[in-house]
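In: Below is the sequence, then the predicted model.
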Amino acid sequence: MRILIPLLLIFLATIEVSAQCSMCRAVLESGQAEETAKGINNGIIYLMAIPYVLVAIVGYQVYRLLNK
């Protein structure tokens, strides 16, 4: 429980945090619409999250295998 609450607060605090590579930022600063910026940021978040989900699935499978 000591770990769960701080982790939850960290995840809630970073929901609106987005990052861009230099090329993406240059394109977005050239006057494109705000919707494009949101789309690019969502794509970056999606690409970042997939490896973590895969590692979690493999970790869970290993955990189940070891606890049989």
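Out: Good, I have the coordinates.
In: how far away is K38 from I45?
Out: If you measure K38 against I45 using Cβ to Cβ, to the nearest Å, the figure is 11 Å. For every residue, glycine as well, the C-beta is placed using N, CA and C.
In: So which elements touch the biggest helix by length in the chain?
Out: The longest helix of the chain (DSSP state H) is helix 34-66. Here helix 34-66 touches helix 22-28, going by 3 or more Cβ pairs under 8 Å, 6 or more residues apart in numbering; DSSP states H and E.
In: Quick check: mean pLDDT of the helix it packs on?
Out: Mean pLDDT, computed over helix 22-28, is 69.
In: Next: stretch 7-16.
Out: On average, stretch 7-16 scores 69.
In: Could you do stretch 47-55 as well?
Out: pLDDT averaged over stretch 47-55 gives 90.
In: what's the neighbour count on I44?
Out: 15 (other Cβ atoms under 10 Å).
In: where does it land on pLDDT?
Out: Value for I44, per-residue pLDDT: 81.
In: mind starting the numbering at 13 from now?
Out: Fine by me, first position is 13 from now on; the one you just mentioned is I56.
In: any idea how far P18 is from it?
Out: Distance from I56 to P18, by Cβ to Cβ: 25 Å.
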